[in-house]
Structure formats: structure tokens, C-alpha cells
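**Q** Task: produce atomic coordinates for the following.
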Amino acid sequence: MGRRIIKNPGAGAPPDRINLRGEIVAIRFTVPLNYCPGCGASLDRTQVDGRERPWCRACGYVGFHTVLVWSGAVVTDTAGRVLLQRLQVGRRAGNWALPGGLLEADETAEEAACREIEEETGLRVRLNGLLGVFSKPGDPFVGVVYLGEVVGGELRPESGGRFFAPEELPWSGPFDHWAVEAALREWLGRRQAQIGQQGINDLGPS
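**A** Residues are numbered from 1 along each chain as shown. A predicted model of the protein is given here:
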């Protein structure tokens, strides 16, 4: 496996970029890399940096099993409800996802989160710090998840977006990725800790 280049992956595809790009990434990490993406020659295997990797004798290409960075947020509205998106097409249709998308090379993770959320949902958000970075060995994604709040725009019905009160979050799923549930549980834990601390503060000095 390595850095496969898939040309024009979106040609003729439905406008569900969360689903489409996820399918492309799945292809990158499940289809064996047998031919050099640079010159087309058959690939051998060689040891590089302590691991066996695809290697091209003809041009020197080495395939690295790298990951992609996904950037998004646990977004809340003024009522404290959480925004989730239900995917609309593809084999993962019906799954619940956090709004966000893949990081582009010319932007920061924060910029990517705000851009993707507005593109996907129509909502403008302000980020209020990092919730967490979620990764697992063998997973082609690293998820960078922020805390976000809605500051403008309108939720587009076709986005599949829906706001949930904390006690109504759809824990039965299915979630689009293990990090969605992990991020929601991290957010909920922080929220409950803040509520508990506020209760202690309200008691005043003993």
C-alpha cells in the first residue's frame, strides 16, 4: 500500500463529499500497490526506515502508508444542542457523522474545520479550542476535533444535519467512524465536569 493517486475521483459522483472522500480513502488503503504511480513499472519490496515497503527499481519510488487528517468540530447552538449529520448516499448512508472534512495543504486545521462545516451545512461557526486528536493504528484517518459554536448561517435541509440535546444523542448509531462516538463522549464528559464544578461554585465557601 502507498500513495496511490486517483485521478478525478469526483467525476459524475453525488455531492456528498463526506461519503465520497471516505470511499476514496478506503480504496487507497485496501487496494495493493503493485505498479509504480510514477513510471508504471512493477514494484518490488524493500526495507526503508525499518519497514518493508513497495519500491520501484526503475525510478526509485518508495510507497509510504501515510494517513489523512480530518478536521471538524462538535458544534453546539445557543441551546447547547449538538450538530450531527446523517450521511445521505453510498454504503455508509444513514450513519451519523460530525461535520468536517479533509485538511487541504494550503490551510490550517482550524480553517479546514470552519470551511468544511460551512460548505456541508450552511452554518458559520467559531472554534473555542481543541477537544481532542483521535487516532488508532491501522486507521487511515487522524481526526482533529474542535469545540465549535454556531455564529451565523442557516442549516440546509439537504445536509442531513440535525441538532440533538445532550440527553438525546443517538448512541445506538450507527456512527460513521469510531472517533465520532469518542469525540461525543469526550465532549459530554467535559460538559458534565463543568456542570459539577458550577454546582460546587454555587454552594459558596463552607
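**Q** contacts and neighbour counts: CA atoms only from here.
**A** Noted.
**Q** and Arg191, that one's in a strand?
**A** No. Counting by DSSP: H, G, I helix; E, B strand; the rest coil, Arg191 falls outside a strand, being helix.
**Q** isn't Ser42 right up against Tyr35?
**A** Yes. Ser42 lies in contact with Tyr35 (Cα atoms under 8 Å); the separation is 4.6 Å.
**Q** Without its sequence neighbours, what residue ends up closest to the spatially most central residue of the chain?
**A** The centroid of the chain falls nearest to Trp70 when counting by Cα atoms, centre = their mean (3.8 Å). Using Cα to Cα, 6 or more residues apart in numbering and skipping residues adjacent in sequence, the residue nearest Trp70 is Leu102, 4.4 Å away.
**Q** rewinding a little: so the residue nearest to the centre of the chain bridges to which residues?
**A** With DSSP bridges as the criterion, Trp70 is bridged to Leu102, Gly143.
**Q** before we move on, what about Asp44?
**A** Here Asp44, judged by DSSP bridges, has bridge partners Trp55.
**Q** mind listing what it touches?
**A** 54-57 (Cα atoms under 8 Å, 6 or more residues apart in numbering).
**Q** which ones are touching the residue nearest to Trp70?
**A** 68-71, 112.
**Q** Quick one, which of these are buried?
**A** Neighbour-count burial (16 or more other Cα atoms under 10 Å) is assigned, among those, to 69-71, 112.
**Q** Mind putting the residues you listed into JSON lines with pLDDT?
**A** Formatted as JSON lines, the buried ones among the contacts of Leu102 follow (pLDDT from 0 to 100):
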{"residue": "Val69", "pLDDT": "94"}
{"residue": "Trp70", "pLDDT": "96"}
{"residue": "Ser71", "pLDDT": "97"}
{"residue": "Ala112", "pLDDT": "97"}
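**Q** I'd like those laid out as TSV, including distance to Glu149.
**A** Shown next, in TSV, are the buried ones among the contacts of Leu102 (distance: Cα to Cα, whole Å):
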residue	distance to Glu149
Val69	22
Trp70	19
Ser71	15
Ala112	15
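**Q** Can you say which two of those residues are spatially most distant?
**A** Val69 and Ala112 (10.1 Å; Cα to Cα).
**Q** joint contacts of the two?
**A** 102-103.
**Q** Sketch out the strands for this protein, chain order is fine.
**A** Applying DSSP state E to the chain gives strands spanning 44-48, 51-55, 68-76, 82-86, 96-97, 100-102, 123-134, 141-153, 161-164.
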